[in-house]
Structure formats: structure tokens, C-alpha cells
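Participant: Provide a 3D model corresponding to the input given below.
(one chain, ligands or ions: 1)
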Amino acid sequence: MKPIIGITTDVDENEKHVLNNTYVNAVIQAGGVPIIIPVGATKEVKQYATLLDGLLLTGGDDIDPTLFGEEPHQKLGEVKPSRDQIEINLFEEVLLLNKPILGICRGLQIMNIALGGDMYQDIYAQKKEDLLQHDQKVSTTHASHFVQVEQGTLLATISEAHQIKVNSCHHQAVRHVPEPLIISGRANDGIIEAIESITHPFVLGVQWHPEGLARVDDHVSKRIFKTFIQKSKEVGK
Ligand code: MN
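Facilitator: Predicted structure coming up:
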């Protein structure tokens, strides 16, 4: 049996669910059976966690800063409180069951916040250093900046590299990364680009969009999804 992968989604201003099809395709390509989890299913989170073999937390808008004890910064973008809530609850329930979780962009940030970490609401306003362009002006099929991979980590095993090249579509980034998470990749300006758990079989968060690069057969991106689906098959249920 192929593993069942829950994919989180969003609701737009017209009350329509929206999900970039690239996430669905990446899961199918890697051998998973995708299930789209609606934003409003907050009371069904435990049942979803039982049903799923793995959870994919997708990218999207900004995260409500009051969830990590801060007031909204002037440069904070649009927030989706109901989406924050279901994603945090889903993450907690799936984590309790030790099932694999892949967090992409906002998904990585949700993982970090759910475990008690915090983040920059806007890296350009809140960091003093000269930063790279993290909001690239080309398609996500193009890798625009480098990430240094921390050796001995899950990301190092997946990427088989010291340095990888990724796409970048974010103005926020995680700041303090709490246990049991560790930092497994950084951009050359110090921005945290990957985190993972040292106490769970597969909990990986990436700040970039591997589902975009998988479309152009990027080796590391395809291996991220392959490993996630493989682990979901082994560990799930
Ligand atoms: Mn970046």
C-alpha cells in the first residue's frame, strides 16, 4: 500500500480552498497518496492524524505573531489565524504519533512555532546584516541562492552534499529553534533555511520550495520527497 499523505491548504478571500498543484504532483511522483486537509476541519484533527501516514505542511501567508508572544510588526503580511490553528494542531497530533512530517516554507515556520520557537516577522526590517534576496523574482523552478548543509544531519543524508542551491520566496524566517529541533541548513547570510528533529524518525522543515524544483528534476528536491514518502511508508500506521 502506498502511504497516505495529508497536505494542508488555504482559504482565499472568496472563501475558496486553494492549493498549489505542485505539492500534489510532488507527493504523487514520489509514490504517496495525497489527501487535502481543509482549513475548517479543526475538530477532526485527531482522526486525520490517525488516518495519515505522513503530513505535508505547505507554504502560504504569514503567521500570527501573537502565537509566539509578539505584537504585529509594521512589515508583517497577511495572516490566516484559522489556518495557523489547524496546522499547529495537526503538527502536534502527527508528531505525537511519531509519523513523518515535511514542512515547506511557512510549514517549517509552523513547526518551529508549535514547538515554542519564534521568528523574524520580516527579515529585512528586523535583521541588521546585509541580506541576500530571499524573495526571488523568477519562477520557483529556478534555484537562486546557496544553502550550507550541516553535516551529520538528515538533510546531509538526503542531499549528499555540503552545499546545495535552492529557490527562495520568503520575507520571514525562524529565529530561535527550540529542542528537539536543530538547524540543518543556513543561507550564506545566516538565515536559517532548514530545521529537523533529532528525536523523531522524520521531521524536516525547509524554507525553500522543493516542490517547485522537483518539477525540473532537481536531485535534492526529488530526494526530499522520496525520503519523506519512504519514511511514511515505514513509520506510518
Ligand atoms: Mn531563502
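Participant: pLDDT weak spots in the chain?
Facilitator: 236-237 (pLDDT under 70).
Participant: residues contacting whatever residue of it ends up closest to the ion?
Facilitator: The minimum distance from the chain to the ion, using CB to the ion, falls at S168 (3.3 Å). In this view, the C-beta of every residue, glycine as well, is placed from N, C-alpha and C. By CB atoms under 8 Å, 6 or more residues apart in numbering, the residues touching S168 are L132, Q133, H134, D135, Q136, S144, H145, A187, Q207, W208.
Participant: mind running it again at 10 Å?
Facilitator: 105, 132-136, 140, 142-145, 147, 187, 191, 193, 207-209 (CB atoms under 10 Å, 6 or more residues apart in numbering).
Participant: V147: helix or strand, and which one exactly?
Facilitator: strand 145-149 (DSSP states H and E).
Participant: do that strand and the ion meet at all?
Facilitator: No: judged by CB under 5 Å from the ion, strand 145-149 and the ion are separated, with a smallest distance of 5.8 Å.
Participant: and the helix or strand just after that strand, what does it pack against?
Facilitator: Once the chain leaves strand 145-149, the next helix or strand it forms, by DSSP H and E, is helix 154-159. Applying 3 or more CB pairs under 10 Å, 6 or more residues apart in numbering; DSSP states H and E, one finds that helix 154-159 contacts strand 145-149, strand 163-166, strand 181-187, strand 192-197, strand 203-206, helix 219-235.
Participant: if we can go back for a sec, how about the strand holding V147: buried residues?
Facilitator: H145, F146, V147, Q148, V149 (16 or more other CB atoms under 10 Å).
Participant: sorry, back to before: tell me which of the helices and strands packed on helix 154-159 lies nearest to D61.
Facilitator: D61 lies closest to strand 203-206 among the helices and strands packed on helix 154-159, at 16.9 Å (CB to CB).
Participant: residues of the protein that sit close to the ion?
Facilitator: Within reach of the ion by CB under 5 Å from the ion, the chain has these residues: H134, S168.
Participant: ok so, going back, okay, the angle between the strand holding V147 and strand 181-187?
Facilitator: 140 degrees (axes from the mean of the first three to the mean of the last three CA atoms, to 10 degrees).
Participant: off-centre distance for strand 145-149?
Facilitator: Computed by CA atoms, centre = their mean, to the nearest Å, the chain-centroid distance of strand 145-149 equals 17 Å.
Participant: same question, stretch 11-31
Facilitator: Worked out by CA atoms, centre = their mean, stretch 11-31 lies 14 Å from the chain centre.
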